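In: Sequence unavailable; structure follows:
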């Protein structure tokens, strides 16, 4: 509201801010890796578990990942999420970044359009759990790719982690 904005302006005068339209929809995370050669490998998409009452009193707090829900995404949405991850990874590499990162997207409820929300340039919290899931199905996890890349080994481009998991998996952090 205007009243809320005025209060914040008084609290933080002369600061730039961006005001965006509220988009109602589900939010998803994708863990990724920028290799030394500029290649980008992605993990598996997960829906963010947000506002779980047994984990938080804040309805906006992300407290886990649901790797099952993305199976209901349309092929076009999955491709768009993958495309965003590849573009972000290429920009990161161009700016001398290498290693793990994560992207968050939201899929608008009414239009099914995919919007990029944010980039996290650190090891996302779900990477270790996702590694267990990938090992369970015989796929090399992002963590293994990271270690091989930083040890100077060539990176096999086969058997990459699946963008959508074929089995049910959830975690609450």
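Out: Arrived safely. Here the structure is a predicted model, which is why all the values come from computation and not from measurement.
In: So in this protein, which helix runs the longest?
Out: helix 75-94 (DSSP state H).
In: other SSEs contacting that one?
Out: Secondary-structure packing of helix 75-94 (3 or more C-beta pairs under 8 Å, 6 or more residues apart in numbering; DSSP states H and E): strand 25-34, strand 40-42, strand 99-108, strand 114-120. C-betas here are computed from N, CA, C, even on glycine.
In: Between these, which one is closest to residue 57.
Out: For the helices and strands packed on helix 75-94, distance to residue 57 was read as C-beta to C-beta. The smallest value, 19.3 Å, belongs to strand 25-34.
In: which helices and strands does that closest one pack with?
Out: Under the contact definition 3+ C-beta pairs under 8 Å, 6+ apart, strand 25-34 sits against strand 40-42, strand 46-50, helix 75-94, strand 99-108, helix 142-150.
In: can you list those in a markdown table and add distance to residue 173, mean pLDDT and mean neighbour count?
Out: Written out in a markdown table, the entries for the helices and strands packed on strand 25-34 read as follows (distance: least, C-beta to C-beta, whole Å; pLDDT from 0 to 100; neighbours: other C-beta atoms under 10 Å):
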| stretch | distance to residue 173 | mean pLDDT | mean neighbour count |
| --- | --- | --- | --- |
| strand 40-42 | 21 | 96 | 20 |
| strand 46-50 | 9 | 95 | 21 |
| helix 75-94 | 21 | 98 | 16 |
| strand 99-108 | 14 | 97 | 19 |
| helix 142-150 | 17 | 94 | 18 |
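In: In a markdown table: those, plus distance to residue 165.
Out: Converted to a markdown table, those look like this (distance: least, C-beta to C-beta, whole Å):
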| stretch | distance to residue 165 |
| --- | --- |
| strand 40-42 | 13 |
| strand 46-50 | 9 |
| helix 75-94 | 12 |
| strand 99-108 | 16 |
| helix 142-150 | 14 |
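In: between those, which gets nearest to residue 63?
Out: Distances from residue 63 to each of those were compared using C-beta to C-beta; the minimum, 5.7 Å, belongs to strand 46-50.
In: List the strands paired with the helix or strand that comes right after the closest one, with their directions.
Out: The helix or strand immediately downstream of strand 46-50 is strand 62-66, counting by DSSP states H and E. Using DSSP bridges, the strands paired with strand 62-66 are strand 46-50 (antiparallel), strand 170-172 (antiparallel).
In: Perfect, that will be all.
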